[in-house]
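Trainee: A structural model of the following input is requested.
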Amino acid sequence: MKFMKLGSKPDTFQTDGNNVRYVASELASDIIVSLGDVKFYLHKFPLLSKSAHLQKLISLSNDANMDEVQISDIPGGTSAFEICAKFCYGMTVTLNAYNVIAARCAAEYLGMHETIEKGNLVYKIDVFLSSSIFCSWKDSIILLQTSKSMLPVAEDLKVVNRCIESIANKACADVSKVDWSYTYNRKKLPEENGIDANQNEVRTRLVPKDWWVEDLCELEVDLYKSVVANIKTKAVHSNEVIGEALKAYAYRRLPNFSKSVIQSGGMSKHRLIVETIVWLLPAEKGSVSCRFLLKLLKASIFVESGERTREELIRRIGQQLEEASVTDILIPAPDGKTETYDVSIVQQVVKEFLKKDVNAEIESVGGGELEGIRKPGILSDASKLMVAKLVDGYLAEIAKDHNLPLSDFIDLAELVSGVSRPSHDGIYRAIDTYLKEHPGISKGDRKRICTLMDCRKLSVDACSHAVQNERLPLRVVVQVLYFEQVRTAASSGTSTPDIPKGIKDLNCGSNGSSRSGTTNPEDDMDAVAKAEELKALRKELTSLRLSNGVGSSDKDGGDIKQSTDKAVIGKMKGLLKSKKSFLKLWASKGVQGDNSGSDSSESIGSANPDEAKSTPSRNRRHSVS
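Mentor: The predicted model follows:
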């Protein structure tokens, strides 16, 4: 740390109790300077020779036949005034980064300028600041921290601005000219602890571009804002480095931020920190991770930040939503809500994501007519697929909430229903979880939620689970059985039977609006017949699978297998067509089968193990080289 010694006489300031300061001298004191409860017993001549303000005060006290002056508003208080008084006496005082700003403000208040005496305190402090403090990285940071209590006087003297500029210039310096001794928060390298005496290796070690990030976390939020804003204006560091600095500050200054929890104390202070970080975020996408943005969003909700802050975070999260995980978007519901999670915010984020894929633009065509002209979307298929899988996983998680309204579940699922997915196992798992946790929903609601999935895109495991799932409407189980029979027939090399019209209609209905579900009284009339025929369908499917197990290496065996397949398929088609109740079932769009069986089947696991895996937040910061 840099320091400067002033004066050569011994320090003879003494104390008498807590409220009395005096100079040990043969001469009696002839002036009392009162600063609140503290009284300084001093001599007029040393003070008058260097302080214009004291000259004025003492002249007024003489006119009033008083030997005491009052100073109630001097910056830095008694300690700063004592430094100035000792300088007037020529006593030795030591200035450093911790006390120089207070001494400078007090000297300005007392009018200790060159017009009173050459080499006065203001001049000496300014020289010390320019030649030493502002040239030192850590001293500049300390000075800026201590200036907090000196505002706004320090700002008026331009000391704060000069300090901010000094710090920003050093942070933007070429790393080849930066020595590791600049930073004082890092751990020493093994070589510096004497393990390796090769100093050349230490000298040639590359300094990362974000070497300055940790040190700036020492600053209070308003000073930090000024420094980082100054660094950004110089346009030297990349957006990723600026983002890394903001991330480090959030983890340092927001308690439990890594766990997406903010302590209840200091709400206004934490709110200011969150809003400042959001304000400083680089405009470019990818400067910070989506996970960090979601943590900021959770923090902003907890500290009750303004709407503009939340809207900005939602907009930024929507730009890179494909990077998020299910754990990241599990945002707790606000106080007073019965639901566990805030689904509405996730809906807003997904809508923001889909806004990027605008594929139509209204242009004026001749004759004053408007026509929608198709434009290619800007979202890649991979990004949309990742977000669709993310929403599926999120739905499976929130479906466990007994207080989750069906409308919230369906509204969110429908946002990504237009995204083409090779597998619908994820949405099936979510639907099954919801049905399991909400056994009392109506037949119409069961149909509405089941229309969100396409039975043709279920995997073999999902189909096997679905055909035994007593929570699903009977019509959905029949549909799954049929498409599984078609797939099995196709894999065996036999001809694929035509899709009955009823199943076609049912499948088409799954792509329409889920809000048009109705019930048919015939469902109750034919419930027994359906159950019996469903058992027959399952039996035929089992027979078909067993027939596929016959060895195909033998020619005769292959002929037997093929003839068996054809026979089974023909029998299946005959069974489907021969039953009047199934004809009625397929011919009626929107018919809902009632299945109130016991809740015995378990939900199928996610087709993607990564969907259920939560990645713990990492509190450790990586340097950006």
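
Trainee: So the closest residue to residue 25 other than its chain neighbours versus residue 86, what's the distance?
Mentor: For residue 25, ignoring the flanking residues on the chain, the nearest one in space by Cβ to Cβ, 6 or more residues apart in numbering is residue 12 at 6.8 Å. No exception for glycine: its C-beta is placed from N, CA and C like everyone else's. From residue 12 across to residue 86, the span is 9 Å (Cβ to Cβ, to the nearest Å).

Trainee: likewise residue 318?
Mentor: 61 Å.

Trainee: distance of residue 126 from residue 342?
Mentor: Here the criterion is Cβ to Cβ. By it, residue 126 lies 55 Å from residue 342.

Trainee: Could you do residue 295 as well?
Mentor: From residue 295 to residue 342 the distance is 15 Å (Cβ to Cβ).

Trainee: ok, those two, which is more surrounded?
Mentor: More crowded of residue 295 and residue 342, by other Cβ atoms under 10 Å: residue 295, with 25 against 19.

Trainee: For the more buried one, identify the helix or strand it belongs to.
Mentor: Assessed by DSSP states H and E, residue 295 sits inside helix 290-302.

Trainee: ditto for residue 387
Mentor: Using DSSP H and E, residue 387 falls in helix 381-398.

Trainee: got the buried residues for that helix?
Mentor: Using 16 or more other Cβ atoms under 10 Å as the test for burial, helix 381-398 gives 383-398.

Trainee: helix/strand/coil for residue 469?
Mentor: Following DSSP: H, G, I helix; E, B strand; the rest coil, the label given to residue 469 is coil.

Trainee: contacting residues for the closest residue to residue 251 other than its chain neighbours?
Mentor: In this structure, residue 251 finds its nearest non-sequential neighbour in residue 257, 5.4 Å apart by Cβ to Cβ, 6+ apart. Shown in contact with residue 257 (Cβ atoms under 8 Å, 6 or more residues apart in numbering): 250-251, 295, 299.

Trainee: Residue 353: what's it in contact with?
Mentor: With Cβ under 8 Å, 6+ apart, residue 353 has these contacts: 318-319, 321-322, 379, 387.

Trainee: What is the lowest-pLDDT residue among the residues you listed?
Mentor: The weakest per-residue confidence within these falls on residue 379 (70).

Trainee: so how many other residues sit close to it?
Mentor: Neighbour tally, residue 379, other Cβ under 10 Å: 18.

Trainee: Assess the claim that residue 38 and residue 78 are in contact.
Mentor: Yes. Residue 38 is within contact range of residue 78, at 4.9 Å (criterion: Cβ atoms under 8 Å).

Trainee: which neighbours do those two share?
Mentor: What both residue 38 and residue 78 touch, as defined by Cβ under 8 Å, 6+ apart, is the set residue 21.

Trainee: In terms of helices and strands, where is residue 5?
Mentor: Going by DSSP H and E, residue 5 is part of strand 3-6.

Trainee: any idea how far residue 3 is from the closest residue to residue 5 other than its chain neighbours?
Mentor: Leaving aside its sequence neighbours, residue 5 sits nearest to residue 94 (Cβ to Cβ, 6+ apart; 5.4 Å). Counting by Cβ to Cβ, the separation of residue 94 from residue 3 is 6 Å.

Trainee: I figured the residue nearest to residue 5 hits residue 2, correct?
Mentor: No. If you go by Cβ under 8 Å, residue 94 and residue 2 don't touch, sitting 11.0 Å apart.

Trainee: What sits closest to residue 466 if chain neighbours are left out?
Mentor: Residue 466's closest residue in space is residue 480 (Cβ to Cβ, 6+ apart), at 4.5 Å.

Trainee: from what I can see the one you found touches residue 465, true?
Mentor: No. In this structure, residue 480 is not within contact of residue 465 by Cβ under 8 Å, at 9.4 Å.

Trainee: ok so, going back, so what does the helix or strand hosting the residue nearest to residue 466 touch, helix or strand wise?
Mentor: With secondary structure defined by DSSP H and E, residue 480 is part of helix 474-491. Applying 3 or more Cβ pairs under 8 Å, 6 or more residues apart in numbering; DSSP states H and E, one finds that helix 474-491 contacts helix 460-466, helix 501-509, helix 527-548, helix 555-578, helix 580-587.

Trainee: And the contacts of the shortest one?
Mentor: Pointing back at helix 460-466 there. 424-425, 428-429, 432, 455, 458, 472, 476-477, 480, 483-484, 487, 601, 604, 607.

Trainee: what about this protein, any weak spots by pLDDT?
Mentor: 61-66, 180-205, 260-265, 358-378, 492-625 (pLDDT under 70).

Trainee: Where do the strands of it begin and end?
Mentor: Under the criterion DSSP state E, strands of the chain are mapped to 3-6, 13-15, 20-23, 31-35, 38-42, 68-70, 93-96, 360-364, 370-374.

Trainee: So for residue 311, which of these sits nearest?
Mentor: strand 360-364 (24.6 Å; Cβ to Cβ).

Trainee: Surely residue 289 is in contact with residue 324?
Mentor: No. Look at residue 289 against residue 324 with Cβ under 8 Å: they stay out of range, at 9.1 Å.

Trainee: For the two, indicate the residue with more neighbours.
Mentor: residue 324 (22 against 15).

Trainee: That one touches residue 291, doesn't it?
Mentor: Yes. At 6.7 Å, residue 324 counts as touching residue 291 under the criterion of Cβ under 8 Å.

Trainee: Dump stretch 247-264 to CSV, restricted to CA.
Mentor: Only the C-alpha atoms of stretch 247-264 are listed here, as CSV (Å, rounded to 0.1, in the frame of the first residue of the first chain):
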residue,chain,number,x,y,z
LYS,A,247,-22.0,-13.0,-12.5
ALA,A,248,-19.2,-12.8,-9.9
TYR,A,249,-20.7,-9.8,-8.3
ALA,A,250,-24.1,-11.4,-8.0
TYR,A,251,-22.7,-14.5,-6.3
ARG,A,252,-20.6,-12.3,-4.0
ARG,A,253,-23.2,-9.7,-3.0
LEU,A,254,-26.5,-11.7,-3.1
PRO,A,255,-26.6,-14.2,-0.2
ASN,A,256,-27.5,-17.8,-1.3
PHE,A,257,-27.8,-16.6,-4.9
SER,A,258,-26.2,-19.9,-6.0
LYS,A,259,-29.2,-21.7,-4.4
SER,A,260,-31.7,-19.3,-6.1
VAL,A,261,-32.7,-18.1,-2.6
ILE,A,262,-32.2,-14.6,-1.3
GLN,A,263,-32.1,-13.8,2.4
SER,A,264,-35.0,-11.7,3.6
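
Trainee: Without its sequence neighbours, what residue ends up closest to residue 16?
Mentor: For residue 16, the spatially nearest residue (Cβ to Cβ, 6+ apart) is residue 22, at 6.6 Å.

Trainee: residue contacts, that neighbour?
Mentor: 13-16, 29, 40-42.

Trainee: coming back round to it: ok, residues contacting the helix holding residue 295?
Mentor: Outside helix 290-302, the residues that reach it (Cβ under 8 Å, 6+ apart) are 243, 247, 250, 254, 257-258, 260-262, 270, 274-275, 277-278, 309-310, 313-314, 316-317, 320-325, 328-329, 331-332, 334, 342, 345, 617.

Trainee: which of the residues you listed count as buried?
Mentor: Going by neighbour count (16+ other Cβ under 10 Å), the contacts of helix 290-302 have 243, 247, 250, 254, 257, 260, 262, 270, 274-275, 277-278, 309-310, 313-314, 316-317, 320-325, 328-329, 331, 342, 345 buried.
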